[in-house]
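Colleague: Just need the structure, nothing else, for what follows:
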Amino acid sequence: MAATVDSTGAVAVPGHVYEILDSRLARLEPTLVGVLARIAIAGSEVTLDELSSLVGIEEHDAFAALDSALSAGVLEAGDGTYRFRHPLLREALERSLPDHRRLAAHRETAQRLASAGAAPARVASHLSAGGLAGDAVPWLLRAAQDAANVAAYLDALGFVERALPHAGDGEAEELLALRAELLLVTGDPQAASAFDDALAVASVDRRAALQIRQGRAHLVAGDLASASRLLDAAEAKAPVDRARRALTRGFVEWCAGNLEGVRGAAEEARPLMEAAGLGPERFEATQLEVLLAHSGDEWVGEVGLALQSTKRLPELAGSVFDAHLCVGEYVLLSGQPYDELAVFARDLRAAADSSGARRGQAFAATLLGEIELFTGRLQSAEAQLREAVALSRLAGSAGGESLALLRLAETTFEGGDAAGAHRLLAESLELARFSPIAFHLLYLVYEGMVRAAGGSAEAVTIVEEAEAFLDRAPACIFCAAGLYIAATIGYARTGDLARARSFLARAEGTEPLWVGGPRAAALAEARAAVLAAEGNRDEAAAALADAAAGFAQAGQVLNEARTRAALSGLL
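Modeller: Predicted coordinates:
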C-alpha cells in the first residue's frame, strides 16, 4: 500500500489502494457496510455506549454488527473503544458515500451526538462537515468555554477562531470577548487590540468588565498610562467588576512605585471580593500582598508558600507578568529549600506548557535557571536561562528577558567568560530601563554589574552611575539591598572606607527584613569586607565564617565556595 507525496507536501494514496479496500469491503454484508459507514462518519473510534445511538439501530443488532466487524478484521477493540484496524479502511468507507449522503450522515451524527451529551467539539465538527457552519457556532463557543475552564487556552483559541467567521451578532460578542481574554492569559502581544474588537460590539453592561481586562492587557505590556486611563474610564458598578478594577489598579500603582496607592487598592478590593464571592481574585489579592510586602518593610514568608499551591498553578501560569519577577526573587531569598522551589517551578512550567501561557513558561524557565545557578549547576543553568531569554522575548516581556539575561551573565561569569558576561549585562541593563518594573529590576542589574567588576575602579563608576539614575529612597528596599551590599564590598576593596561604611549602613537598615535565607549571609560577607579593609582580620574572619555557614544552609554553593576561599586567605 504505497503512498506518494504531492507537490504541496500532502500524502496522496494511489487509487488502486482504495480499489483493493473496496473489494474487501464488498465481501461483507451490505447491512454491515452501512453500519460501518456510519461509524466511519462518526470518527476514528466509537465507544460501546455510543454505538447503537450513532448507527440508529437496536442495541442487539448493533452488537451483532460489531461482532461481525471484529471477526472480519475491519474493527479492533481497545480500552473500551472500537476503532478501524487501519485509517484507510475508514477513509474508504467515507468515500463510498455520495457527497449528499455524506453531508446528511454528518448532520444526523451531530444530532445523535448532541442528544447523547457528547463533547461540544465533536458535535461542532460534524455540523461543520455537514455544511452547517452557522449551526456549529454555539457548539464551538461551548467547546471553547470548556477548554478555557481547564486552562487549555490554545485549544480554546482554536475553537473561537473556527467559530468567528460564521457567528451572528450576539455570538460574535461572546466570541470576541473570550478571544481577547484568551490572548491575554496566553501572553499574546495582540491582547490589548483584541479587546478593542470586543468593545466594538459589546453591550453596555459588558463594557466595564472588558475595559478593566484591557487595562490589565496594557499593564502586562508595560503601558501604565493606557492601563490607568482605561481603569478610570470603566464605569464599574457590580462588586465583581469593582474588585477586579481595584486589583488591577493595585498592580499599576505598584509598577509606578506608589505603595500608598497599592495599599489603598488592596483595602478597596478586600470587601468587594467578599461581597462578590470571588475565587481567582483572592489569589490575585495574595499576589498583590506579596508585592506590597516585597516593596515595603514586612517579611511575609508564608505568602511565598501560598503562591506555590498546586491548585493555583493554572491561574498563576495565565496571570504572570513582569511584576511576578519580583515575587520570584522574594521567594528565592526566603530561605525555602531550593529543591522544593524547583518542584514548584517544574510544575508551573508543565501547567504553562499545557495551557499555552507564554509568560508562565518564561517565568518558570527563569526561576529554574536561577535555582540551578544558585546551587552551582552551571551547565543546566545556562540551558534554562537561554530558553528563558527566548521565551521572554517571544512573550514581549522586557523585564523577564532582562532578568534572564542578568542571570545568564552571572552564569557566564562564573564559567570564566568575563567578556561574554559583560556583553550580556549591557543587554540586560538596556532592557531593564524600558521595563514596567525598571525601578526594581535596575537595582538587580547594577548589583550584577558591580559584582562582575570586582574590586576595581570600574565597580565604583558603576555604583555612581546607579546612584545618579536611581532614587536614593528606593521604591523597593528588597531589590535595593543587593546593590547596597555589592557597593559596600566594591568600595571596601578600593579603599574608600567612608563610602563602604555608608553603603553598609544602608544595607544593615534592611536587616530586620531577612528572617534567615541567603541575604543575611550576603550582609555578613559585606561586613567582613569592611572589617578586613579596616585591618580587623579576626572580626572579618568571624563574619566570613557566618557568611559561609549561611550560604551553605541556603544551598548557595558558589557563594559558599567564594566566602570559604576568602576566609582561607585571612587565616
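Colleague: now the helices for the stretch 301-450 of the chain?
Modeller: Taking DSSP state H, counting those that start in this stretch, the helices of the stretch 301-450 of the chain run over residues 301-307, 313-319, 323-332, 338-355, 358-374, 378-395, 398-414, 418-433, 438-453.
Colleague: Which among the ones you listed is found nearest to residue 114?
Modeller: helix 338-355 (27.6 Å; C-beta to C-beta). Bear in mind the C-beta positions are built from the backbone N, C-alpha and C, glycine included.
Colleague: on contacts alone, who are the packing partners of that closest one?
Modeller: helix 313-319, helix 358-374 (3 or more C-beta pairs under 8 Å, 6 or more residues apart in numbering; DSSP states H and E).
Colleague: With adjacent residues omitted, what lies nearest to residue 346?
Modeller: Among residues not flanking residue 346 along the chain, residue 368 sits closest, at 6.9 Å (C-beta to C-beta, 6 or more residues apart in numbering).
Colleague: how near is the one you found to residue 423?
Modeller: Residue 368 is 23 Å from residue 423, where distance means C-beta to C-beta, to the nearest Å.
Colleague: Of the helices and strands packed on helix 338-355, which shows the lowest average pLDDT?
Modeller: Lowest mean pLDDT within these: helix 313-319, a mean of 64.
Colleague: just to revisit the earlier point, so the residue nearest to residue 346 is in contact with residue 349, correct?
Modeller: Yes: between residue 368 and residue 349 there is a contact under C-beta atoms under 8 Å: 7.1 Å.
Colleague: any idea how far residue 106 is from residue 270?
Modeller: On the measure of C-beta to C-beta, residue 106 and residue 270 end up 52 Å apart.
Colleague: should've said residue 550
Modeller: As defined by C-beta to C-beta, residue 550 lies at a distance of 37 Å from residue 270.
Colleague: These two: which has the busier surroundings?
Modeller: residue 550 (25 against 13; other C-beta atoms under 10 Å).
Colleague: Just the buried positions in stretch 493-505, please.
Modeller: Judged by neighbour count (16 or more other C-beta atoms under 10 Å), stretch 493-505 contains these buried residues: 493, 494, 499, 500, 503, 504.
Colleague: Quick check: the two most widely separated of these?
Modeller: Spatially, the most separated pair among the buried residues of stretch 493-505 is 494 and 504, at 14.3 Å (C-beta to C-beta).
Colleague: what's next to stretch 521-535, contact-wise?
Modeller: For stretch 521-535, contacts defined as C-beta atoms under 8 Å, 6 or more residues apart in numbering pick out 482, 485, 488-489, 492-493, 495, 497, 500-501, 504, 507-508, 511, 514, 537, 539-541, 543-544, 546-551, 553-554, 556, 559, 563, 566, 570.
Colleague: Out of those, which sit inside helices?
Modeller: Using DSSP state H, the members of the contacts of stretch 521-535 that fall in helices are 482, 485, 488-489, 492-493, 497, 500-501, 504, 507-508, 537, 539-541, 543-544, 546-551, 553-554, 559, 563, 566, 570.
Colleague: Any regions of the stretch 351-500 of the chain where pLDDT drops low?
Modeller: Counting by pLDDT under 70, the stretch 351-500 of the chain contains low-confidence residues at 471-475.
Colleague: can you tell me the distance between the two ends of stretch 531-541?
Modeller: 9 Å (C-alpha to C-alpha, to the nearest Å).
Colleague: now the helix or strand where residue 247 lies and helix 323-332, what's the angle there?
Modeller: When elements are assigned from DSSP states H and E, residue 247 belongs to helix 239-255. Interaxial angle of helix 239-255 relative to helix 323-332 (axes from the mean of the first three to the mean of the last three C-alpha atoms, to 10 degrees): 70 degrees.
Colleague: moving C-terminal of helix 239-255, what's the next helix or strand?
Modeller: helix 259-276.
Colleague: I'd like the average pLDDT over that next one.
Modeller: pLDDT averaged over helix 259-276 gives 80.
Colleague: what helices or strands is it leaning on?
Modeller: Using 3+ C-beta pairs under 8 Å, 6+ apart: helix 259-276 touches helix 239-255, helix 280-295.
Colleague: Just want the angle from the first one to helix 438-453.
Modeller: Following the same axes, to 10 degrees, one obtains 40 degrees for the angle between helix 239-255 and helix 438-453.
Colleague: Check the offset of helix 239-255 from the chain's centre.
Modeller: 20 Å (C-alpha atoms, centre = their mean, to the nearest Å).
Colleague: Quick one: buried ones out of the contacts of stretch 521-535?
Modeller: 482, 485, 488-489, 492-493, 500, 504, 507-508, 514, 540-541, 543-544, 546-548, 550-551, 553-554, 556, 559, 563, 566, 570.
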